[in-house]
Each structure stands twice: as structure tokens, then as C-alpha cells.
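1. show me the folded form of this:
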Amino acid sequence: MKKDDCFYLGRIAKTHGIKGEITLKVEADDPSAYANLKHFFLEINKVLTPFFIEKIVMSGDKFFITVQDVKTVEAAQNLVGKSVYLPLEMLPKLSGKQFYYHEVTGFMVVDAEKGELGPIQEVLEYPTQAILQIMKGKKEILIPILDEVIQKVDRDKKTLYVKAPEGLIDMYLG
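-> Numbering: from 1, shown residues only. Take a look at the predicted model:
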């Protein structure tokens, strides 16, 4: 399993109890979507290593987990601080105008006023705002990901419909 085929779920926050259990701090909008996990991957020495779950107890965004073959506090301590990953296919399906950033790369962007702009090269994530990076020929267009800008996501046609703020596209295309 490669990291590019996975998404970040959270991290091992600490050990739990005296029999090698761990506490997973889930960093997701809906932790309960992952309450029935059977396995996960930890990044160890830059390699994703699978771990199989024997028992899981959920409390809010914390999961208390008994992992197969981890039976001592010392063994569990070696996992603390590690990032937890799951395969992309385990992401809950989104509908309507919601989308995962990785899924729209390559989608065609169509603006309500200017029409077809070009494909999404990538989603740029900044601390205050995520932005669509679109290439129209050799010109870059950056459009903020905001509820009022994103009009529709057509997954079948791989098209994202937007209503860019007035004058924004003209600023890039001059």
C-alpha cells in the first residue's frame, strides 16, 4: 500500500491500559464513520505497515484499540505519535456540492459566466483557504473553494461548475 493510495485518519495519541492497548485520536468530520474498523496502516520508517484490530471502543473522537500482536505497554508505546492511514476507498461517499480535494484533480471547471476554464491541476491548501489551481492553456487561474463559488459537482462527467467572484477570472486572463 502506497501513501498516495491512502488518506490520513489521525494519530496514535497514547497508550491505554496495561495490556498494550492504544488510543487513536481521529481527525475526521464524523469519527463514527470509522467505528467498525478492522485494520489501519501506520507509517513506520516511511513505510505503511498494516495493523489488525481485535477490539475497538469509541468515545467521541478517541478510539481505544486492542491491536493484534501488540500485548505490552512497551510495544504500544512504540506506536505513540505515529500517523494512521486508511485506503482511499474507505472514505465515506460525498454527494451534492461536497467533494474530497484529491477526487477533483483533473475535473474540468466550467464557470457560470466564462464557460469552460480548464482542468483542475491540484487543490492548493493554505491555512486560511483552499484554492483550485486551473490551467487554461498556459495561464493559471486560482479560484477559492467556497460554498457560494462551487455550484455543482458532476462526478459522472468529471466536471466542477463554479460561479467565480466578479472580475476574478478576467484578472488572470487579462
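2. and the helices in this structure?
-> Along the chain, counting by DSSP state H, helices occupy 73-77, 168-173.
3. let's have these in TSV, adding distance to Ala130 and mean pLDDT.
-> Yep, even glycine has a C-beta here, placed from its N, CA and C like the rest. Output for these, formatted as TSV (distance: least, Cβ to Cβ, whole Å; pLDDT from 0 to 100):
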stretch	distance to Ala130	mean pLDDT
helix 73-77	35	96
helix 168-173	15	93
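4. turn those into TSV, columns for mean neighbour count and distance to Cys6.
-> Formatted as TSV, these follow (neighbours: other Cβ atoms under 10 Å; distance: least, Cβ to Cβ, whole Å):
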stretch	mean neighbour count	distance to Cys6
helix 73-77	15	22
helix 168-173	14	33
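5. I'd like those laid out as JSON lines, including distance to Val149.
-> Below are the helices of the chain laid out as JSON lines (distance: least, Cβ to Cβ, whole Å):
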{"stretch": "helix 73-77", "distance to Val149": "45"}
{"stretch": "helix 168-173", "distance to Val149": "9"}
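6. of those, which is nearest Phe99?
-> helix 168-173 (20.1 Å; Cβ to Cβ).
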